[in-house]
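> Build me a structure from this.
(chains A, B, C, D, E and F)
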Protein chains: 4
Amino acid sequence: MRGDSTAERIKSVAVQLFAQKGFEATAIREIADAAQVSTSSLYHYIDTKEELLTEIMTAAMLKLIKCSLAVVDPTDSPPGRLVALVRCHVGMQIIDRLAALVTDNEIRALHGDDRAKVLKLRDEYEERWTSTLTEGKEDGVFDVAVPKVARLALLEMCNGVARWYKDDGPMAVAEICDHFATLALSMVNAQRDGRPLRIADVTREPSVALYERLVHIAKGGVIE
Amino acid sequence: MRGDSTAERIKSVAVQLFAQKGFEATAIREIADAAQVSTSSLYHYIDTKEELLTEIMTAAMLKLIKCSLAVVDPTDSPPGRLVALVRCHVGMQIIDRLAALVTDNEIRALHGDDRAKVLKLRDEYEERWTSTLTEGKEDGVFDVAVPKVARLALLEMCNGVARWYKDDGPMAVAEICDHFATLALSMVNAQRDGRPLRIADVTREPSVALYERLVHIAKGGVIE
Amino acid sequence: MRGDSTAERIKSVAVQLFAQKGFEATAIREIADAAQVSTSSLYHYIDTKEELLTEIMTAAMLKLIKCSLAVVDPTDSPPGRLVALVRCHVGMQIIDRLAALVTDNEIRALHGDDRAKVLKLRDEYEERWTSTLTEGKEDGVFDVAVPKVARLALLEMCNGVARWYKDDGPMAVAEICDHFATLALSMVNAQRDGRPLRIADVTREPSVALYERLVHIAKGGVIE
Amino acid sequence: MRGDSTAERIKSVAVQLFAQKGFEATAIREIADAAQVSTSSLYHYIDTKEELLTEIMTAAMLKLIKCSLAVVDPTDSPPGRLVALVRCHVGMQIIDRLAALVTDNEIRALHGDDRAKVLKLRDEYEERWTSTLTEGKEDGVFDVAVPKVARLALLEMCNGVARWYKDDGPMAVAEICDHFATLALSMVNAQRDGRPLRIADVTREPSVALYERLVHIAKGGVIE
DNA sequence: TATGAATGAGAGTTCATTCAT
DNA sequence: GATGAATGAACTCTCATTCAT
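From the prediction side, this is the model:
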């Protein structure tokens, strides 16, 4: 549990630089400089530049999956799960914004097994969105033509958050999460008994509380 | 009088490579090889690698703007304009897929005036989305909490198309355009007289016809 | 006699650029641009860049020799010839300043026969200085330890003029020529009957008149 | 504690090549080859080619200034100072011949601050010549029309030494220094009580001794 | 654990020159 | 006489990585 501060610092500045300038445009020397180590020292902590990227992406994906597992109840109804998925995803896009950006933008820099590993994680995660949408359509609670198209639209829309979010923006994170959850419910025409479903219809947990749970889990907190 | 094929070829292969590997990861020598010219010959047609990217992005943005101006009637109602915007945007993401991908992913490779020029075009274009959403909310035809958030969500969702679209996919382009237009109308809860609006309620032009117009305009055709 | 204006223009801008930036630092394209022709057209007028330099240097040396032959009377006494040599040399350094600069600075850019040709001309010319000094020493009219050292000192001192001369300087060209002639006479302790020689003791031609003759000859005038 | 031989070697071969072929005509690869390092290793020791030139020039100028400060007594009479300046300058042109050549020929390859820095040093140094000549004229010990013209003539004449000096020449260095000192005294008509001044009239230090002091100081020796 | 020195490969770009038209 | 297109070779400089210390 004792923080290996140098290793952490390296990963941290790497995420920042990869997010800001892109993987290819970031020189290993820049990372070393920013982390205040020499380039040769850097290589005590990483194997290769690409492996560093892989670690960053894998960690981000695992964190996202961990959070979504903690927050999305698989026994819940499709609308309940959708709201949880969206709030969790959008929340994580903000909490772990730079890593999310990197994960979304730099997969093509990865090759072979590294790439496959990350893509596998992503596919597993996205499958939970697909099944939620499909089940909801079968249940008649979602009115959506093609669940897969809806999933693509929803995920891109949520991933986009990391692209435009600014820390000094006017909107609270929890607020943004709820806006997106609402947009998602609308998008899939979620309704019960002919009446459109709202967030309050599917969950009692306030977005702020959920957001705090995410922060805690993301920080390495144990899932209770 | 016959087209300057070399210059076109260079731009074309550059778009492909930039889209596939990213700007930074693409070597000027790869572009030259793919275009079947020597690197030094390449420099007869371009000034710098960055300027080549700028031209690609500017051209893509201008094409998109040209198409949307041709296809979106500013006197139309907000729902009509939204459907047109979405169908046009999604259509162009597919017609000009690689350039769209590049434009969306590689702005950070641009610096100074080049970057500013492209961002200015993008902002002007996106402003037309914002005003459509705002006006629709004011008219009561859209039920959306914060138009700007909706715009961000909509645009990211539509931009995403270029990321996952495959030429050999099961769905026709016009079909995809309509799916997205439908999702968009749902997302903003477009309704009139308490009843949700469908595409057919706001336009009579079939998506296929519109798509063909886009292809024609994008190919340099004149706007009638 | 009809001026081949393009060829002249090329040589003229080449001299300017070579003088300003040096031969190696001047691109053939810069010459073409400045001469307002395309690079390929340029090659109708020159063989190679090096040959262009050779021509410039040869022309400058020939002009200098022509002038000095016209102005230095071989039957004159050593002091008279020295004054004439210095006035002529310094005058030409100013009249043909850029070419003189190039000739002095860029010989190492020349190779093989080109280099030899220019060096031969220079050696022939300098030999006339040596013989003047040697003869003057033998006659007892110059008091100088080693004529060859004096020649080196004198020539470098005179060549230097092209390095510092500015068109808008405070001193007239003829004035500068006379200052240098006086310095030269002093340097070699020119004297007759125990009394130092002045310019007026060895020539009646005013420097201004001589300068005008130089300008005329340098412009291609015939030697009468 | 033993000298950083690689860095020294690089500077040393760079001076040789720059002197021989000129800055622009010297490829960074040639320097690397001659210094027996790879081009990329070279860049551990230098920032850019231009900065390497700047360092060479600055070091040469500083060395010259250091020597002249050690050797020229500011309380001495103008003729004494002139002799010291000339002997020192000519001596250094030979001791540090290649660097002197480079410093004199390649300033135009420098830009911006680099150029300004070197020119400032040169101007400061040359000012000491001007003041010596001016003071000598005021004292009546030099008979020279315009001190500034004399300074230009003297400096160019002395700088020239590096251009023609050959190690295997017939003349000892100290001898050359004295020849030039004598020429300088004559050039400015240095006299006292109507009789021309000779070196022996102004200094008792033999040129050989002074030359040895210069070598010692130039090698980094301390000024006592 | 830390790093200065080292490097082969390759980056983007420019060079002087040629040639078909 | 003029030029747009073309190019092989070379340019300065940076890359990710290694290794002896």
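> For the rest of this, base every contact and every neighbour count on C-alpha atoms.
Fine.
> Outline the domain layout of chain A.
A:1-46, A:50-218 (automatic domain parsing).
> Indicate which one of those domains is closest to B:Leu121.
With C-alpha to C-alpha, the closest approach to B:Leu121 among those belongs to domain A:50-218: 17.2 Å.
> hang on, the earlier thing: nearest to C:Arg87, out of the domains of chain A?
The nearest among the domains of chain A, by C-alpha to C-alpha, is domain A:1-46 at 61.5 Å.
> quick revisit: now tabulate the domains of chain A in JSON lines and tack on mean pLDDT.
Putting the domains of chain A into JSON lines (pLDDT from 0 to 100) gives the following:
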{"stretch": "domain A:1-46", "mean pLDDT": "91"}
{"stretch": "domain A:50-218", "mean pLDDT": "96"}
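> What is the neighbour count of the residue of chain A found nearest DNA strand E?
Residue nearest to DNA strand E within chain A (C-alpha to the nearest atom of the strand): A:Ser41, separated by 3.2 Å. Neighbour count for A:Ser41, taken as other C-alpha atoms under 10 Å in any protein chain shown: 11.
> A:Asp76 now?
By other C-alpha under 10 Å, the residues close to A:Asp76 number 14.
> The one 5 residues further on now?
Around A:Arg81 there are 24 other residues, counting by other C-alpha under 10 Å.
> How about it, nearest residue that isn't a chain neighbour?
A:Val72 (5.7 Å; C-alpha to C-alpha, 6 or more residues apart in numbering or on different chains).
> Check A:Gln93 too.
A:Ala162 (5.2 Å).
> quick one: the nearest residue to A:Arg108 once chain neighbours are set aside from A:Phe23, how far?
Spatial nearest neighbour of A:Arg108, chain neighbours left out: B:Lys21 (6.5 Å); criterion: C-alpha to C-alpha, 6+ apart. Note on B:Lys21: its distance to A:Phe23, by C-alpha to C-alpha, to the nearest Å, is 12 Å.
> again with A:Val188
Taking C-alpha to C-alpha, one finds A:Val188 at 36 Å from A:Phe23.
> Give the next helix or strand downstream of whichever strand or helix holds A:Ile31.
Using DSSP states H and E, A:Ile31 sits within helix A:28-34. Using DSSP H and E, the helix or strand that follows helix A:28-34 in sequence is helix A:39-45.
> circling back: pretty sure the residue nearest to A:Gln93 contacts A:Ala99?
No. A:Ala162 lies out of contact with A:Ala99 (C-alpha atoms under 8 Å); the separation is 9.3 Å.
> more neighbours, the two?
The residue with more neighbours, out of A:Ala162 and A:Ala99, is A:Ala99; 27 against 22, by other C-alpha under 10 Å.
> Show residues contacting the host helix or strand of that one.
Here A:Ala99 sits within helix A:97-105, counting by DSSP H and E. Residues outside helix A:97-105 that contact it (C-alpha atoms under 8 Å, 6 or more residues apart in numbering or on different chains): A:15-16, A:18-19, A:22, A:56-57, A:60-61, A:92-93, A:159, A:162-163, B:105.
> tell me what whichever helix in chain A runs longest is packed against?
Longest helix in chain A by number of residues (criterion: DSSP state H): helix A:112-139. Judged by 3 or more C-alpha pairs under 8 Å, 6 or more residues apart in numbering or on different chains; DSSP states H and E, the packing partners of helix A:112-139 are helix A:49-71, helix A:78-95, helix A:147-164.
> Please work out which of those is packed deepest.
Among the helices and strands packed on helix A:112-139, helix A:78-95 has the highest mean neighbour count (mean count of other C-alpha atoms under 10 Å in any protein chain shown), at a mean of 25.
> could I get that helix in CSV with only the CA atoms?
Extracted in CSV, the C-alpha atoms of helix A:78-95 (Å, rounded to 0.1, in the frame of the first residue of the first chain):
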residue,chain,number,x,y,z
PRO,A,78,-33.1,-2.3,-17.9
PRO,A,79,-34.0,1.4,-17.4
GLY,A,80,-32.4,1.3,-13.9
ARG,A,81,-29.3,-0.3,-15.3
LEU,A,82,-29.1,2.2,-18.2
VAL,A,83,-29.3,5.1,-15.9
ALA,A,84,-26.6,3.6,-13.7
LEU,A,85,-24.4,2.8,-16.7
VAL,A,86,-24.7,6.3,-18.1
ARG,A,87,-24.2,8.1,-14.8
CYS,A,88,-21.2,5.8,-14.0
HIS,A,89,-19.7,6.2,-17.4
VAL,A,90,-20.0,10.0,-17.6
GLY,A,91,-18.8,10.3,-14.0
MET,A,92,-15.7,8.3,-14.8
GLN,A,93,-15.1,10.3,-18.0
ILE,A,94,-14.7,13.2,-15.7
ILE,A,95,-13.1,11.7,-12.7
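> returning to what we had before: okay, angle between the helix holding A:Ala99 and helix A:49-71 too, please.
Relative orientation of helix A:97-105 versus helix A:49-71 (axes from the mean of the first three to the mean of the last three C-alpha atoms, to 10 degrees): 110 degrees.
> okay, the angle between helix A:97-105 and helix A:78-95?
Inter-element angle recorded for helix A:97-105 and helix A:78-95: 110 degrees (by the same axes, to 10 degrees).
> Between helix A:147-164 and helix A:97-105, find me the angle.
Note on geometry: by the same axes, to 10 degrees, helix A:97-105 and helix A:147-164 are set 130 degrees apart in direction.
> The residue nearest to A:Arg81: neighbouring residues, count only.
Residues near A:Val72, counting by other C-alpha under 10 Å, number 19.
> circling back: which stretch among the helices and strands packed on helix A:112-139 comes nearest D:Arg192?
helix A:49-71 (78.4 Å).
> same for that closest one, what does it pack against?
Against helix A:49-71 (3+ C-alpha pairs under 8 Å, 6+ apart) you get helix A:5-21, helix A:78-95, helix A:97-105, helix A:112-139, helix A:207-218.
> outside of that helix, which residues touch it?
So helix A:49-71 is in contact with A:11, A:15, A:23, A:28, A:46, A:84-85, A:88-89, A:92, A:96, A:99-100, A:102-103, A:109-110, A:114-115, A:117-118, A:121-122, A:125, A:210, A:214, A:217-218, A:223, going by C-alpha under 8 Å, 6+ apart.
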